[in-house]
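Enquirer: just a sequence and a predicted model for now, questions to come.
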Amino acid sequence: MSERMTTISEPVVQRNGQAATVDDLAPLAFAGYAHFTAMQVREGRVRGLDLHLERLRHASVTLFGQALPDDRVRSHVRAALEAGPADLSLTATVYSPAGEFTVAGADVAPELLIRTGPAASGPRGPLALTTVEHERVLPAVKHVGEVAKTYFLREAVAQGFDDAAFVDRRGRLSEASIWNLAFWDGSAVVWPVAEMLTGTTMSIVRRQLRHLAIPQRDQEVRPADLPSMAGAVVMNSWTPGVAVHRIGSTALPEAPSFVELLHRAYENEPLTAP
């Protein structure tokens, strides 16, 4: 498997803006009803901060019926950044202190757990993806109940692949284990249509491609459509594009100009301080 690139930094774990204690973390060690967003911080700033806040807000309303105010989330993110280096990875997880298997009332507000770690830039690629028939529960929410993702990743590696791409019950490619998929038809970026998580990096790239006047379209993509594609990538919070040279038994061109275009679009997104 391609090596993921990281730099070393001291981890920070905070709950509601304060250092998390063992008592804070113990109930969460066995919890699976929560959601999160992951971001790369550079020079103490974040690309697509508005998208991360919107994701947390939407997911909290979906799971808990209420959301933390944006200014409180930003305050807690700032507190974590002040405790770490200028470049790092940050994961913000929202959960209910009422725990799982309960229906908490409006008087039980969600809480925020933040963890930081080394800055990351993703694997070098190119990657080979196996295909797996799988549909995520609540696909529009980036939730923590994702045992299938790691399971299918492990199975893919055991079969000689780098990761797995998901195919839904209608035969459409949707996403990969922790990645969004994007394709290139030689003149336009093709975004697969299926039930999936809309990634923040994907949304950043889409809006910056519009500013660059690069053609884009949404299309149902099935494995049988892959031979007509001139390139494919995966993207997530680590990177706006890692080349994919094979999906299942279909070889794909690495398309370095396509990968470069996605990186250029991403880098056009301004960095914002929380």
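Expert: That came through fine. Fair warning: this is a prediction, and the values are worked out from it, not measured in the lab. Numbering: from 1, shown residues only.
Enquirer: for residue 214, what are its contacts?
Expert: Contact partners of residue 214, counting by CB atoms under 8 Å, 6 or more residues apart in numbering, are 188-189, 261, 265. Quick note: C-beta positions are derived from backbone N, CA and C, even for glycine.
Enquirer: now with 10 Å, please.
Expert: 187-189, 205-206, 208, 261-262, 264-265 (CB atoms under 10 Å, 6 or more residues apart in numbering).
Enquirer: which of those fall within strands?
Expert: residue 189 (DSSP state E).
Enquirer: taking the contacts of residue 214, tell me the two that lie furthest apart.
Expert: Farthest-apart pair in the contacts of residue 214 is 187 and 208; separation 17.9 Å (CB to CB).
Enquirer: neighbour count winner among those two?
Expert: Using other CB atoms under 10 Å, the more surrounded residue of residue 187 and residue 208 is residue 208, with 20 against 8.
Enquirer: report the separation between the more buried one and residue 262.
Expert: In this view, residue 208 and residue 262 are 9 Å apart by CB to CB, to the nearest Å.
Enquirer: domain ranges for this protein, per the record?
Expert: As assigned by automatic domain parsing, the chain contains the domains 8-120, 123-272.
Enquirer: give me the mean pLDDT for the shortest one.
Expert: Mean pLDDT, computed over domain 8-120, is 89.
Enquirer: next one: it to chain centre, how far?
Expert: Computed by CA atoms, centre = their mean, to the nearest Å, the chain-centroid distance of domain 8-120 equals 14 Å.
Enquirer: which residue is nearest the middle of the chain?
Expert: residue 236 (4.5 Å; CA atoms, centre = their mean).
Enquirer: what do residue 208 and residue 262 both touch?
Expert: Overlap of the contact sets of residue 208 and residue 262 (by CB under 10 Å, 6+ apart) consists of 214, 240.
Enquirer: residue ranges of the helices in the stretch 1-150 of the chain, please?
Expert: With DSSP state H, counting those that start in this stretch applied, the stretch 1-150 of the chain shows helices at 22-25, 49-64, 70-82, 147-158, listed in chain order.
Enquirer: any residues touching the first one, and which ones?
Expert: When contacts are taken as CB under 10 Å, 6+ apart, the neighbours of helix 22-25 outside the stretch itself are 13-16, 18, 29, 97, 111, 113.
Enquirer: shouldn't residue 159 be in contact with residue 130?
Expert: Yes - here residue 159 reaches residue 130: they are 5.8 Å apart, a contact under CB atoms under 10 Å.
Enquirer: neighbour count winner among these two?
Expert: The residue with more neighbours, out of residue 159 and residue 130, is residue 130; 22 against 10, by other CB under 10 Å.
Enquirer: ok, that one - contacts?
Expert: 152-153, 155-165, 176, 246-249 are the contacts of residue 130 under CB under 10 Å, 6+ apart.
Enquirer: out of those residues, which are buried?
Expert: 152-153, 156, 161-165, 176, 246-248 (16 or more other CB atoms under 10 Å).
Enquirer: which among those gets closest to residue 48?
Expert: Closest to residue 48, out of all of the buried ones among the contacts of residue 130 and judged by CB to CB, is residue 176, at 19.8 Å.
Enquirer: ok, for residue 254, nearest residue in space, not its chain neighbours?
Expert: Closest residue to residue 254 apart from its sequence neighbours, by CB to CB, 6 or more residues apart in numbering: residue 243 at 4.5 Å.
Enquirer: deepest-packed of the domains of the chain, please.
Expert: Comparing those by mean neighbour count (mean count of other CB atoms under 10 Å), domain 123-272 comes out on top with a mean of 18.
Enquirer: now do that domain, average pLDDT.
Expert: 97.
Enquirer: now the end-to-end length of it.
Expert: Counting by CA to CA, to the nearest Å, you get 25 Å between the two ends of domain 123-272.
Enquirer: likewise stretch 21-41?
Expert: Across stretch 21-41, first to last residue, CA to CA, it's 24 Å.
Enquirer: stretch 259-274 too?
Expert: End residues of stretch 259-274 are separated by 28 Å (CA to CA).
Enquirer: one more: stretch 106-117?
Expert: Span of stretch 106-117 from end to end, CA to CA: 33 Å.
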